[in-house]
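Chemist: Predicted model follows, preceded by the sequence.
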Amino acid sequence: MWETIGATLRSEFSDLADPADLTQVVVRLLLALVLAAVLGYDRERRGSSAGLRTHMLVGLGVSLLVVASEQSGMDAASVSRVIQGVFAGIGFLGAGAIIKQSDKEEVRGLTTAASIWATAAIATAAGLGREATAIVATLFAVVILSLLLRLERRDPR
């Protein structure tokens, strides 16, 4: 009986038995976390409702779903459906970050919602093993969130 239990436990935890597989998963998840933290830190500094932890959890969750889908042997079409489902859910999360301030046309949180969406896209790229693409996209997002904000503030309109 104990042999059967031991064999079952070994088989249940065998998805990362190969050091190469373990390294690949750790790199992809860690990169998604770090890149999400970069965007989340910017939102945190600005006092946004979705800051560092939210962005990091989105990055981890999205990359995990992509990595686990590929690990399970899903074909490209099935992984694509997982990604589509993830982005439908991210839309709801982003909607929660958007609030209408008053009866006027003033809406706040659109940039935070967009940063959550961008974080999910970057984490998807990292989860798919497109690390360089994820890094380049993060650099673009940082430029949009930081440098363009400075330009907007200088514009008298």
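Modeler: That came in fine, so what should we check first?
Chemist: Could you pull up the residues touching the residue nearest the centre of the chain?
Modeler: Centre of the chain computed as the mean C-alpha position; nearest residue by CA atoms, centre = their mean is Gly59, 2.4 Å away. The contact partners of Gly59, taken as CB atoms under 8 Å, 6 or more residues apart in numbering, are Ala32, Leu33, Leu35, Ala36, Ala37, Thr119, Ala120, Ile122, Ala123, Ala126. Placement of C-beta: from N, CA and C, glycine included.
Chemist: Repeat the analysis, applying 7 Å as the threshold.
Modeler: The contact partners of Gly59, by CB atoms under 7 Å, 6 or more residues apart in numbering, come to Ala32, Leu33, Leu35, Ala36, Thr119, Ala123.
Chemist: Okay, and the first one sits in which element?
Modeler: Think Ala32. helix 19-45 (DSSP states H and E).
Chemist: Please apply the same query to Ala50.
Modeler: Per DSSP H and E, there is no helix or strand for Ala50.
Chemist: Tell me how many other residues crowd it.
Modeler: When neighbours are counted by other CB atoms under 10 Å, Ala50 registers 23.
Chemist: ok, now which ones touch it?
Modeler: Contacts of Ala50 by CB under 7 Å, 6+ apart are Arg43, Ala97, Thr112, Ile116.
Chemist: give me that answer again for 10 Å
Modeler: Contact partners of Ala50, counting by CB atoms under 10 Å, 6 or more residues apart in numbering, are 39-40, 43-44, 57-58, 93-94, 96-97, 109, 112-113, 115-116, 119.
Chemist: Mind giving me the PyMOL select for those, buried ones only?
Modeler: Buried members of the contacts of Ala50, defined by 16 or more other CB atoms under 10 Å, are picked up in PyMOL with:
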select buried, resi 39+40+43+44+57+58+93+94+97+109+112+113+115+116+119
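Chemist: Which of the contacts of Ala50 fall in strands?
Modeler: Among the contacts of Ala50, no member is found in strands (DSSP state E).
Chemist: of the contacts of Ala50, the lowest pLDDT goes to which?
Modeler: Lowest pLDDT within those is found at Ala97 (72).
Chemist: For Val58, see how far away it is.
Modeler: Per CB to CB, to the nearest Å, Ala97 is found 11 Å from Val58.
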